[in-house]
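Novice: got a predicted structure plus its sequence, pasted below:
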Amino acid sequence: MPAIHPDTLRGQRALVTGANSGIGAAVARALAQAGARVVINYVVNPEAAEQLVQEIRVDGGEAMALEADVSDEGQVQRMFRDMVDAWGGVDILVANAGLQRDAPFHDMTLDQWNKVLDVNLTGQFLCAREAVRAFLRQGIDPQRSCAAGKIICMSSVHDIVPWAGHVNYATSKGGVLMFLKSLAQEVAEHRIRVNGISPGAIRTPINRSAWESAEAEADLLTLIPYGRIGEPMDIGRAAVWLASDASDYITGTTLYVDGGMTLYPGFREGG
């Protein structure tokens, strides 16, 4: 992949939730490579968050780790206060934190349902609300960006592709789709942009069983017309573009980074 230009986001301040592993970590690295200062949010495994901070610093970037459960209003507000106190503001939010609690629907507990909705959907609401408040206070600084602020909601192809056995997860991602569109409509007049990224199959530890063996990978590739599994940096590079002024006229849009998974490849032979 070509290198990310180090001046793309120079001087901007970014917060990435759930950034100590997988897609979130790749997004944080990519934003840092593009010149942004990056907050690495985490709720577990602080060692991984601090290691990522050190890696970014070794590469010449600036980062810090902040703990917060995105489903907890008070913790989210404290995280944003700490970021603003340290860096004076926020320009980019990547609302990436998410989880799964899978079960057949007839066995799904209310706790499993609530936990997924609390983190995957309410967490995006809480973080986006604090970001919008900050953007409105700050206004537009043309030395940083054409926009007052940028929000990227991390979703999934399952915001439009049904997923049996994962009803709570798919419901949360479908909610993210309409959440970002409605929010984008509301705040566009303030020059705040809200977009989404919906990854397909990405090679991360959370789905290792789907790609680790040759047989599992072959099965997975039947769902991906482009013929390869996505890498975390595929999402990182998309996030840099959506956060940059190169995409300044884009808001309320979801970018599907999925190798064509949402093209329903089962119909390639005519259905």
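Specialist: Alright, I've got the coordinates. Numbering: from 1, shown residues only.
Novice: how about Ala32, what does it touch?
Specialist: Neighbour list for Ala32: 38, 56, 59, 61-63 [criterion: CB atoms under 8 Å, 6 or more residues apart in numbering]. In short, each C-beta sits where N, CA and C put it, glycine included.
Novice: ok, Asp72 next?
Specialist: Leu126.
Novice: quick one: it from Ala95, how far?
Specialist: Distance, Asp72 to Ala95, using CB to CB, to the nearest Å: 15 Å.
Novice: how about Ala48?
Specialist: 19 Å.
Novice: ok, those two, which is more surrounded?
Specialist: Remark: of Ala48 and Ala95, Ala95 carries more neighbours, 29 against 16, as counted by other CB atoms under 10 Å.
Novice: tell me which element the closest residue to the more buried one other than its chain neighbours falls in.
Specialist: Nearest residue to Ala95, sequence neighbours excluded (CB to CB, 6 or more residues apart in numbering): Gln124, at 4.5 Å. Here Gln124 sits within helix 123-138, counting by DSSP states H and E.
Novice: beyond that helix, next helix or strand please.
Specialist: strand 149-154.
Novice: tell me the mean pLDDT for that next one?
Specialist: Taken as a whole, strand 149-154 carries a mean pLDDT of 98.
Novice: let me know the angle separating that strand from helix 123-138.
Specialist: 170 degrees (axes from the mean of the first three to the mean of the last three CA atoms, to 10 degrees).
Novice: list the strands paired with strand 149-154, with their directions.
Specialist: Partners of strand 149-154 in the sheet, by DSSP bridges, are strand 92-95 (parallel), strand 192-199 (parallel).
Novice: mind putting those in CSV, mean pLDDT and distance to Pro205 included?
Specialist: Shown next, in CSV, are the strands paired with strand 149-154 (pLDDT from 0 to 100; distance: least, CB to CB, whole Å):
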stretch, mean pLDDT, distance to Pro205
strand 92-95, 99, 19
strand 192-199, 98, 14
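Novice: in TSV, list those along with distance to His166.
Specialist: Output for those, formatted as TSV (distance: least, CB to CB, whole Å):
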stretch	distance to His166
strand 92-95	20
strand 192-199	15
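Novice: ranking these by burial, who's on top?
Specialist: strand 92-95 (a mean of 30; mean count of other CB atoms under 10 Å).
Novice: helices or strands up against the next helix or strand after that one?
Specialist: Later in the chain than strand 92-95, the nearest helix or strand by DSSP H and E is helix 110-117. With contacts taken as 3 or more CB pairs under 8 Å, 6 or more residues apart in numbering; DSSP states H and E, helix 110-117 sits against helix 167-187.
Novice: packing partners of the helix it packs on?
Specialist: helix 110-117, helix 123-138, strand 149-154, strand 192-199.
Novice: rerun at 10 Å
Specialist: Under the contact criterion of 3 or more CB pairs under 10 Å, 6 or more residues apart in numbering; DSSP states H and E, helix 167-187 touches strand 92-95, helix 110-117, helix 123-138, strand 149-154, strand 192-199, strand 254-257.
Novice: distance to Lys173 for the ones you listed - can I get that in a markdown table?
Specialist: Shown next, in a markdown table, are the helices and strands packed on helix 167-187 (distance: least, CB to CB, whole Å):
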| stretch | distance to Lys173 |
| --- | --- |
| strand 92-95 | 12 |
| helix 110-117 | 10 |
| helix 123-138 | 10 |
| strand 149-154 | 9 |
| strand 192-199 | 8 |
| strand 254-257 | 10 |
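Novice: nearest to Gly175, of those?
Specialist: Set against Gly175 and scored by CB to CB, the helices and strands packed on helix 167-187 come closest in helix 110-117, at 7.6 Å.
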